[in-house]
Each structure stands twice: as structure tokens, then as C-alpha cells.
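Student: here are the coordinates; sequence isn't available:
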């Protein structure tokens, strides 16, 4: 009985890892460190400056083959036009699964205000992505034969599209994006067709507002993000609070994010069968020093049953260039 339970846990773990590793660029809380372009293609070139962002995320330092993610993104306007381009490359590793991908983005921004002092802008963005998935089965079998295990490194390549729009009005903003628009028949399966899954569509919606008193160096930004996975019918919500302090050298900022899954998972314990919903608490802090951006993010999984009590660490480095004069009279950090 113990052996059967252990096998069941391993199988469930493999399925979970497979699903997480096959969805393209993972969605964490790094968008809060001045990096909304990572999840919303319509944010390419929306700011007065072109942006380069590097992120490195590591989970569970005391575990071998723990999940790790590295991203690099760049985006900016095409000259003085209302069009913009961007690109994202990333490497994501989760145990025996890994994926490497690249996205290329075109965005266009429509200004509705009578002048560029009052911000009223609608943006559209389209990203095309190429992702290579890998599953290393070379160490799965020490002896014997299993028809479900090939014993080699399997790989597959996936092409997909992300589409979204953003709306900015003074200090308010809203974003909506559909990621992985296309179905990919047969790509997300192993050699035997097990775990075949071709619907990777994810719907994202974000909204927030920046509040500040006239003449104050402080500003406050509450926001939310809703995520829905069409294939598995899973959903979650982020509730975020962010604060900014203007300094002589730039800006200090920080905040807190709380992510909660809206779908519970059942598990067995001594009292019978219980359920819990995924919860992440993520504090973050950052500084804008002239044209440079530095940020640190820490995520803690606040559940009673977890794989590891360790947290998730992430560093963000950024650089702004080709900056234009700030045009808008608004507290809108993503723009000005």
C-alpha cells in the first residue's frame, strides 16, 4: 500500500511538472517590477523610454533540479511613430522538464486625447512565439524496461500567438491578453501520446490606479490581475499594493502581492480528505536610479501542505534608454 501511494505521488508530481513546463513563459509576480510587457504584449513601447529587463528566478535553493527561470526582454517605440516592437527570450527549467522560447512583438498605440498632456490611450499588441520543450528521460530507468519511457531526451517545438490590448486614462489602466491563441495538436505529448494536451490558452486581465496628493512625493498603486486557464478551467487572482517615493536620484518603490487560486486541491491526511487553495505572498522592493532599475522579489507559499518551506527568490535588472521628454500630467509610472 505504501509503495502504491508513493507511485501515485510520483505520477501526480510528474503530471503537474509536465503541465507547468508546457505553458510557455510562466506567469509569476515579476510584472510588478516595472515589467508588464512580460505578460501583456500591448505594453511594448508604451513608456517614454525604451526598456531592457533581465530577471532571474530560483526556487528552493536546498533542492536539486528546483524550478529556475531566466528572462530578457526589450521593447520601445519605432522612432517618433505610434508603433512599437519588442522581444522576449527565456529559459525555464523544472526538474526533468525545460523549455527555451523567444517572442517577437508588434504593438500600436492610439492617442484619443486632444493633446499629449492628458493621457487617454488605447494600445494593441501581438506576439509570435517559438518554444522548444525538452523532457530528459535518460535517468528514469536504472534497470528493466517500461514502454512509456523512452530513456532519451525528447523535444518538441511549438509556435503560438499572444494578443492583447491596454487602456490608459490619466492614472487608471487596464490590460487584457489571450496567451497561446492557437491549438497545437500533438505537440504537447510524449512519444506514446500520453498526457496529450493541445489547449494552452490563458486569459489575463489586469487593472489598477495610481493615487497621489498634489505636490506629494508619495504615490500609491493598488491593482489586481485575474488569470484563467481555458484547458484546465483553473483560475487565480492577484491582489497587489505598491507604493512609490520620489527621490533626488530617481525613485524608491515596493509593495506586496497576494495570489490565491480559486480552485481547491484535495489531499488525504489523518483526519480523512481535506482541500486547500494555492496561496502566494510576495513582497518586493526596487529602486530607479537614473536610467537603471534594480528590484528584488520574494515569494512564499502560504499553504499547510507544501513541497518545501523555502521561498522563491527573484532579481530584476533594468535599463531605460532613448528616453523622450515626459508628456503626460499624470501619476503613471508605466508611462512617464
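Tutor: Good, I have the coordinates. All figures in this text were calculated on a predicted structure; none of them were measured in a lab. Residues are numbered from 1 along each chain as shown.
Student: Only C-alpha atoms from now on, for both contacts and neighbour counts.
Tutor: Will do.
Student: any idea how far residue 36 is from residue 212?
Tutor: Distance, residue 36 to residue 212, using CA to CA, to the nearest Å: 21 Å.
Student: my bad, residue 45
Tutor: From residue 45 to residue 212 the distance is 25 Å (CA to CA).
Student: Relative to the host helix or strand of residue 244, what are the paired strands and their orientations?
Tutor: For residue 244, the element it lies in under DSSP states H and E is strand 234-246. With DSSP bridges as the test, strand 234-246 is paired with strand 218-229 (antiparallel), strand 250-269 (antiparallel).
Student: Any chance of JSON lines for these, columns mean neighbour count, distance to residue 109 and mean pLDDT?
Tutor: Output for those, formatted as JSON lines (neighbours: other CA atoms under 10 Å; distance: least, CA to CA, whole Å; pLDDT from 0 to 100):
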{"stretch": "strand 218-229", "mean neighbour count": "18", "distance to residue 109": "22", "mean pLDDT": "97"}
{"stretch": "strand 250-269", "mean neighbour count": "16", "distance to residue 109": "26", "mean pLDDT": "86"}
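Student: elements contacting the helix or strand harbouring residue 55?
Tutor: Using DSSP H and E, residue 55 sits within strand 50-59. Contacts defined by 3 or more CA pairs under 8 Å, 6 or more residues apart in numbering; DSSP states H and E place strand 50-59 against strand 68-77, strand 312-321.
Student: For it, what does the pLDDT average out to?
Tutor: In this model, strand 50-59 has a mean pLDDT of 93.
Student: tell me the angle that strand makes with strand 68-77.
Tutor: Going by axes from the mean of the first three to the mean of the last three CA atoms, to 10 degrees, strand 50-59 is angled at 170 degrees with respect to strand 68-77.
Student: Next up, the contacts around the nearest residue to residue 182 once chain neighbours are set aside.
Tutor: Closest residue to residue 182 apart from its sequence neighbours, by CA to CA, 6 or more residues apart in numbering: residue 160 at 5.7 Å. Residue 160 is in contact with 128-130, 180-182, counting by CA atoms under 8 Å, 6 or more residues apart in numbering.
Student: Residue 241: which of the residues you listed is nearest?
Tutor: For the contacts of residue 160, the residue nearest residue 241 by CA to CA is residue 180; the value is 28.4 Å.
Student: and the gap between the closest residue to residue 234 other than its chain neighbours and residue 126?
Tutor: Nearest residue to residue 234 in three dimensions, chain neighbours excluded: residue 228, at 5.8 Å (CA to CA, 6+ apart). Per CA to CA, residue 228 is found 19 Å from residue 126.
Student: So what pairs up with the residue nearest to residue 234 in the strands?
Tutor: Here residue 228, judged by DSSP bridges, has bridge partners residue 203, residue 235.
Student: which ones are touching it?
Tutor: For residue 228, the contacting residues are 202-204, 234-236, by CA under 8 Å, 6+ apart.
Student: which of those residues sit farthest apart?
Tutor: Maximum pairwise distance among the contacts of residue 228 (CA to CA): 12.2 Å, between 204 and 234.
Student: and those two? which has more neighbours close in?
Tutor: Using other CA atoms under 10 Å, the more surrounded residue of residue 204 and residue 234 is residue 204, with 22 against 14.
Student: wait, that one sits on residue 178?
Tutor: Yes: here residue 204 reaches residue 178: they are 6.4 Å apart, a contact under CA atoms under 8 Å.
Student: how many other residues sit next to the nearest residue to residue 45 once chain neighbours are set aside?
Tutor: Nearest non-adjacent residue to residue 45, counting by CA to CA, 6+ apart: residue 76, 3.9 Å away. Using other CA under 10 Å, residue 76 has 25 other residues around it.
Student: And residue 249, by the same measure?
Tutor: Residues near residue 249, counting by other CA under 10 Å: 11.
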